[in-house]
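> Kindly return the folded structure for what I paste below:
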Amino acid sequence: MTDIKTLTEKIKKFRDDRDWKQFDNPKDMAISLTLEVAEVLEHFQWKSKEELDVYLRLHKEEVADELADVLHWILLISHDLGIDIGSALIKKLKKNEEKYPIEKSKGRHTKYNKL
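Residues are numbered from 1 along each chain as shown. Predicted coordinates for the structure are as follows:
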């Protein structure tokens, strides 16, 4: 498994080698992230659970490519905004642990304000 810093450096190098930083701003990068997430969703749209099970076995690499594109934008945006995304994730998990205590939320999909 490759760490976040190494992945971010590889993405930055890819961008810098092509002189594309000039095109990156938070708004357009957030739009690109959203578009990539939509491409992930396309793989799931209109499929029953049974169809999806078969589809995902046959198209796992394509789904992986789309998820990699999503991660690419998350890492690049967080880098450019000066956000330590690993620390942000840990902090968010702690907030979620408070919102969703095990004794109230285990086995339930109820939103925290309805527990």
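> Tell me where the protein has strands.
Counting by DSSP state E, the chain has no strands to list.
> Helices of that one, start to end?
4-17, 26-42, 49-58, 60-80, 85-99, 102-105 (DSSP state H).
> now, of these, which is deepest in the fold?
Mean neighbour count (mean count of other CB atoms under 10 Å) peaks for helix 60-80 among the helices of the chain, with a mean of 16. The way it works is simple: take the backbone N, C-alpha and C, and place the C-beta from them, glycine included.
> Restrict that helix to CA atoms and write it as PDB.
Extracted in PDB, the C-alpha atoms of helix 60-80 (Å, rounded to 0.1, in the frame of the first residue of the first chain):
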ATOM      1  CA  LYS A  60     -13.700  -4.300 -11.600                       C
ATOM      2  CA  GLU A  61     -10.700  -2.600 -13.300                       C
ATOM      3  CA  GLU A  62     -12.900   0.000 -14.900                       C
ATOM      4  CA  VAL A  63     -14.500   0.800 -11.500                       C
ATOM      5  CA  ALA A  64     -11.000   0.900 -10.000                       C
ATOM      6  CA  ASP A  65      -9.900   3.400 -12.600                       C
ATOM      7  CA  GLU A  66     -12.800   5.700 -11.800                       C
ATOM      8  CA  LEU A  67     -12.100   5.400  -8.100                       C
ATOM      9  CA  ALA A  68      -8.500   6.200  -8.700                       C
ATOM     10  CA  ASP A  69      -9.600   9.400 -10.600                       C
ATOM     11  CA  VAL A  70     -11.700  10.400  -7.600                       C
ATOM     12  CA  LEU A  71      -8.700   9.900  -5.300                       C
ATOM     13  CA  HIS A  72      -6.500  11.800  -7.700                       C
ATOM     14  CA  TRP A  73      -8.600  14.900  -7.300                       C
ATOM     15  CA  ILE A  74      -9.100  14.500  -3.600                       C
ATOM     16  CA  LEU A  75      -5.300  14.400  -3.000                       C
ATOM     17  CA  LEU A  76      -4.600  17.200  -5.400                       C
ATOM     18  CA  ILE A  77      -7.300  19.500  -4.000                       C
ATOM     19  CA  SER A  78      -6.300  18.800  -0.400                       C
ATOM     20  CA  HIS A  79      -2.600  19.400  -1.300                       C
ATOM     21  CA  ASP A  80      -3.300  22.700  -3.100                       C
END
